[in-house]
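Trainee: structure for this input, please:
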Amino acid sequence: MVTGQTHKILILSGDLGDGHIQAAGALVEAARLYGPEAQTVLVNFPSITHPKLHPVGRYFYTKWVTRFPNVYGYLFQKTRGENLMSQLFRKMKFYTLSRLERLISEVRPTVIVTTFPPAAAGISMLKENGLSVLPAVTVITDHTDHSYWLHPYTDRYIVASERVRDALLRHGIRESQITVTGIPIRPAFSEVRDQAQLREKLGLDPSRPVVLLMGGGLGMIARESASLLSSNKIKGDAQFVLICGRNHKLQESLERDLADSPRSIHITGYVDNVHEWMAASDLLITKPGGLTTSEAIASGLPMLLFKPLPGQETDNSAFLVEAGVALAARNEEELARLLDRLLSHPEELNRMRRQAIHCRREHAAHEALLSILETAAAYRPRRLTDALYARA
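Mentor: Modelled structure (predicted):
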């Protein structure tokens, strides 16, 4: 434990996708449990830098990644490493430094943490221009690397796995700057619960297997996965739970389309007890977002991955399949086949569950917080030449 000094942590996140905000929230909860020596202020970075344009930008971002995922994936791959295109993207400022500087002046933190790539870029740029001398920590919220997470005035990177650490080393980041903790998630996901009691509490049949379908906070459940429930491709008597998040149109559409389904189907919008739904389930069908899949691993919940977003979610999927905690379906037919196989062979689900329990990092948020506090306590402002990457 870091003692003897109180630190005020400014956490900058972003709500383009739910994972960045959820990771930031886990850090806030970890600080609350840690004690008064760790105070936090959580800020949604886009709402501060562009309060009027942010809702529009968020809408178009969601439409872009859902309707043109291959374009997103192409740009992701083209800018993954250090090249002219990635340098150009990093120089594109979708914010003004003055607003960011004003925020820091008002909050008066002792350390700045970012869980959102544009925020990491903004803080590094402030330091580069001599407008901040505060330690900067970046929490990478996927099992992958990308140049937009990496900036010359970032002092520490908190990453999900040794795989990400090795990737950052290849980018020229010093090993002393990297801490492997796992992606920060709330402690509630690691708590042991009685599954039968939870199912009764949630209105589910304790005696029948439960399949949970989720698509993150925006509820981007692939239409094909939901359409399976109105087909005859799935055998057995499993009950299905669809969490649509804040996607009210999706929820209304599913309620209408599945109203006459003979299966036991529970459809809900945003919930604040995802940890209970995961603990009550036998299998999760989801897009491989970093936070959702980390929460599933902590819950010991096997996964069937479908429709990853090209880019970080494709990398997440490869990591999870390799770890033995998930299977990945490439199309609707394979999704149906794998789902039927898993429901028909509970021993395979049990094997994946054991592997998830073996892989989980129960104290990721606490360990990340300790790394943040240690970075702040040991920090000394660096000279310009010391801040640059040691490029190979």
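Trainee: check contacts around residue 117.
Mentor: 146, 148, 149 (CB atoms under 8 Å, 6 or more residues apart in numbering). For every residue, glycine as well, the C-beta is placed using N, CA and C.
Trainee: run the last query once more with 7 Å
Mentor: By CB atoms under 7 Å, 6 or more residues apart in numbering, the contact set of residue 117 is 148, 149.
Trainee: same deal with residue 112?
Mentor: 10, 12, 123, 134, 136.
Trainee: next up, phi/psi of residue 143, please.
Mentor: Per-residue torsions, residue 143: phi -90, psi 50 (degrees, to the nearest 10).
Trainee: give me the neighbour count for it.
Mentor: 27 (other CB atoms under 10 Å).
Trainee: secondary structure for the contacts of residue 112 - can I get that in a markdown table?
Mentor: Formatted as a markdown table, the contacts of residue 112 follow (DSSP: H, G, I helix; E, B strand; the rest coil):
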| residue | secondary structure |
| --- | --- |
| 10 | strand |
| 12 | strand |
| 123 | helix |
| 134 | coil |
| 136 | strand |
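Trainee: out of the residues you listed, which one sits closest to residue 163?
Mentor: residue 136 (23.3 Å; CB to CB).
Trainee: isn't that closest one up against residue 155?
Mentor: Yes. Between residue 136 and residue 155 there is a contact at 5.3 Å, judged by CB atoms under 7 Å.
Trainee: which residues of the stretch 1-150 of the chain fall in helices?
Mentor: Under the criterion DSSP state H, counting those that start in this stretch, the stretch 1-150 of the chain contains helices at 19-34, 45-49, 54-67, 69-78, 84-91, 97-107, 117-128.
Trainee: typed the wrong thing, it's the stretch 201-350 of the chain
Mentor: In order along the chain, the stretch 201-350 of the chain carries the following helices (DSSP H, counting those that start in this stretch): 223-227, 248-257, 274-279, 290-298, 312-323, 332-344, 346-359.
Trainee: if you compare those helices, which one is most tucked away?
Mentor: helix 290-298 (a mean of 27; mean count of other CB atoms under 10 Å).
Trainee: quick check: mean pLDDT across that helix?
Mentor: For helix 290-298, mean pLDDT is 94.
Trainee: now for that helix, which elements pack on it?
Mentor: On a contact count with 3 or more CB pairs under 7 Å, 6 or more residues apart in numbering; DSSP states H and E, helix 290-298 meets helix 19-34, helix 274-279, helix 312-323.
Trainee: let's see that helix as CSV, backbone CA atoms only.
Mentor: Taking C-alpha atoms only, helix 290-298 is exported to CSV below (Å, rounded to 0.1, in the frame of the first residue of the first chain):
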residue,chain,number,x,y,z
GLY,A,290,-12.5,-5.4,-23.6
LEU,A,291,-14.6,-4.6,-20.6
THR,A,292,-17.5,-6.9,-21.2
THR,A,293,-15.2,-9.9,-21.8
SER,A,294,-13.1,-9.1,-18.7
GLU,A,295,-16.2,-8.9,-16.6
ALA,A,296,-17.2,-12.3,-18.0
ILE,A,297,-13.8,-13.9,-17.2
ALA,A,298,-14.0,-12.5,-13.7
